[in-house]
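>>> Kindly return the folded structure for what I paste below:
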Amino acid sequence: MGKLRSKDGCLTCRKRHVKCDQVRPVCSQCQKKNRPCLREDPPSRIRIKHYQPRTAREDSKDAPGNGPEQISHVLDQATADPVIANAASHEQIIRPPYAESCNDQYPTALVTSPYSTQTQTSTILPKLANESVPMPLVTSPGSIHAGTPLTHREAYLVHHFATHLGYWLDCTDASRQFTRKIPILVKQSPILLHAVLSYAARHVGDAELAEQAHERCVELLIPSLSSEKVADDDILLCAIVILRVFEQLNVMVTGSDQERHLAGCSALLRASQGREVDPSTPGLRQAAFWVYLRQCLYNACIHQQAPNVDLVNLVLLAPPQGGGDPLSDLRSETAWANTMTWICATVVHFCFGSSYPEPATRLLRWQQLSEAVESWLSNRPDTFNPIWYSEAVPGSGNPFPEIWFTADWHIMAFGFYHLACMLLAIYKPSPRFAVRGLHSTAHPSHDARSRYLWGMQQLPFDGAIIDHALSFHLYMGSLDDRSSGKGRGH
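Predicted structure coming up:
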């Protein structure tokens with residue numbers, strides 16, 4: 001009887017189905033053929049054996065389907081996320097130079113706004129599979145093994161993303177999908193890992209590492225874009241969305257915004273475009289769509305142009321009502337916040353686009369949008385109401401009202417609500433149309449709403465409001481009195 005193949009042979013020999021002599025660092029087979037002798041790290045898999053009384057174990061010893069392989073399979077299925085379980089990538093495992101250092105320490109970074117995001121896109125994208133696929137024990141040639149540990153530096157940056165930066169991407173998602181899922185998925189997708197590293201490194205001020213991670217991410221990304229299944233790759237979409245945030249942060253360094261990753265998001269989403277948009281974000285792909293929409297909305301306000309989203313042909317589903325259980329309530333909260341984001345995007349499209357050139361149709365559209373904005377305000381859940389509101393106290397040194405909300409998606413929703421109201425007041429069809437009416441009849445309303453927005457920044461999540469407040473303060477100039485300028489020294 002021949003000798004059984006060793007389980008400790010190199011990956012190259014195992015892939016070629018040849019016997020490996022296990023010589024290290026390069027086995028004779030790989031040395032003879034001049035091939036790279038790749039080896040996987042020692043398995044860190046923990047097997048859990050459920051307790052059974054002695055009699056039960058004896059009775060079930062010969063029962064089919066109770067071997068260790070099946071137990072392991074069941075445990076995998078019980079813990080696998082549909083998106084996470086299907087996150088097989090096709091890139092080679094090559095650690096960038098910066099990954100070799102494992103003991104570098106970072107000083108505690110001040111958390112500042114990552115210049116919130118905007119999104120443009122298509123609508124309902126392919127639904128995620130309901131069945132969880134168990135993780136393979138052996139990695140594909142391109143994916144990172146689920147048990148491969150991150151270096152200290154990588155772990156620090158992924159942790160920084162999970163504890164600080166994911167919230168910016170989830171600012172209208174009550175279920176926190178980017179915050180919860182991305183830190184797990186990075187160990188299975190090199191593209192996603194390097195996207196997160198570039199974003200986090202830029203945020204903590206490590207410019208060199210940020211650029212290295214970004215370059216490596218783009219190197220891995222380009223070949224993946226030629227795949228036939230690229231349009232359905234949720235992980236790839238999330239990586240490009242995160243790269244777009246890095247691109248926005250990089251504007252402070254480069255002085256210009258090339259919007260390359262924003263265009264990449266648009267192409268990827270349109271390739272899998274459907275007719276309906278679900279505001280409750282049932283999956284990670286839908287969550288990425290809303291991040292992209294906010295990114296587009298930001299750019300549209302900065303450049304005074306229509307957002308690059310097909311808002312005319314897409315259909316927004318109505319927000320579901322909370323069912324009393326936590327999951328239903330989270331989906332309802334998310335849907336109402338995203339609905340206001342959508343309405344604001346349609347208002348921006350109306351103001352800066354050219355879809356309604358005729359005065360009569362333009363006035364009719366303006367009325368429809370005004371009704372949609374007020375309908376949202378009237379029908380929103382009571383949870384969106386602030387828990388505290390007080391007007392500014394004269395002589396206190398703070399010219400802004402004080403408004404407290406309990407969740408960041410409530411703040412974002414009201415920020416977009418006030419932005420939509422201000423734009424509708426400015427761009428109401430009349431002889432005094434567009435920007436020339438800024439400092440006339442509509443000005444008092446702008447000033448009051450601007451003060452509301454600044455007043456909502458009393459909570460720790462003030463950066464989100466700064467993001468979209470700046471996007472329209474750049475051209476509105478509403479806060480022009482000296483007391484307002486003193487009230488916000490920055």
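>>> For the lengthiest helix in the chain, list every residue counted as buried.
What stands out as the longest helix in the chain, according to DSSP state H, is helix 326-352. Neighbour counts over helix 326-352 (16 or more other C-beta atoms under 10 Å) mark 329-352 as buried. Just so you know, the C-beta spots here come from the backbone N, C-alpha and C atoms, and that holds for glycine as well.
>>> Which secondary structure elements does that helix sit against?
helix 284-303, helix 359-379, helix 408-426 (3 or more C-beta pairs under 8 Å, 6 or more residues apart in numbering; DSSP states H and E).
>>> Make TSV out of those helices and add distance to residue 187.
Shown next, in TSV, are these (distance: least, C-beta to C-beta, whole Å):
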stretch	distance to residue 187
helix 284-303	16
helix 359-379	40
helix 408-426	27
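>>> Of those helices, which is nearest residue 163?
Across those, residue 163 has its closest neighbour in helix 408-426 (14.6 Å, C-beta to C-beta).
>>> how far off helix 326-352 does the closest one point, in degrees?
20 degrees (axes from the mean of the first three to the mean of the last three C-alpha atoms, to 10 degrees).
>>> on that earlier part again, nearest to residue 196, out of the helices and strands packed on helix 326-352?
helix 284-303 (13.8 Å).
>>> List the buried residues of that closest one.
So, applying 16+ other C-beta under 10 Å, buried residues of helix 284-303: 284-301.
>>> before we move on, what about stretch 301-312?
Neighbour-count burial for stretch 301-312 flags 301, 306-311 (criterion: 16+ other C-beta under 10 Å).
>>> And stretch 10-29, by the same measure?
Neighbour counts using 16+ other C-beta under 10 Å place 10-14, 20, 27, 29 of stretch 10-29 among the buried residues.
>>> Check stretch 231-251 too.
For stretch 231-251, a neighbour-count test (16+ other C-beta under 10 Å) marks 231-250 as buried.
>>> What of stretch 250-266?
Buried-residue list, stretch 250-266, by 16+ other C-beta under 10 Å: 250, 259, 261-262, 264-266.
>>> give me the low-pLDDT residue ranges for the stretch 51-200 of the chain?
Across the stretch 51-200 of the chain, the ranges flagged by pLDDT under 70 are 51-148.
>>> re the thing from before, JSON lines for the buried residues of stretch 301-312, including distance to residue 279, secondary structure and pLDDT?
Shown next, in JSON lines, are these (distance: C-beta to C-beta, whole Å; DSSP: H, G, I helix; E, B strand; the rest coil; pLDDT from 0 to 100):
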{"residue": "301", "distance to residue 279": "21", "secondary structure": "helix", "pLDDT": "88"}
{"residue": "306", "distance to residue 279": "21", "secondary structure": "coil", "pLDDT": "93"}
{"residue": "307", "distance to residue 279": "16", "secondary structure": "coil", "pLDDT": "93"}
{"residue": "308", "distance to residue 279": "19", "secondary structure": "coil", "pLDDT": "90"}
{"residue": "309", "distance to residue 279": "14", "secondary structure": "coil", "pLDDT": "91"}
{"residue": "310", "distance to residue 279": "16", "secondary structure": "coil", "pLDDT": "89"}
{"residue": "311", "distance to residue 279": "14", "secondary structure": "coil", "pLDDT": "90"}
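>>> helix, strand or coil for the nearest residue to residue 8 once chain neighbours are set aside?
Leaving aside its sequence neighbours, residue 8 sits nearest to residue 22 (C-beta to C-beta, 6 or more residues apart in numbering; 5.7 Å). Assigned with DSSP: H, G, I helix; E, B strand; the rest coil, residue 22 falls in the coil class.
>>> Check what pLDDT residue 423 gets.
Residue 423 carries a pLDDT value of 92.
>>> Can you give me the distance of it to residue 232?
Applying C-beta to C-beta, to the nearest Å, the value for residue 423 to residue 232 is 36 Å.
>>> List the contacts of residue 413.
Residue 413 makes contact with 172, 336-337, 340-341, 380, 384, according to C-beta atoms under 8 Å, 6 or more residues apart in numbering.
>>> hmm, try it at 10 Å
Counting by C-beta atoms under 10 Å, 6 or more residues apart in numbering, residue 413 makes contact with 171-172, 333, 336-341, 343-344, 376-377, 380, 384, 405, 407.
>>> Likewise for residue 239?
By C-beta under 10 Å, 6+ apart, the neighbours of residue 239 are 89, 182, 185-186, 189-196, 198, 217, 220-221, 224, 233, 261, 264, 288.
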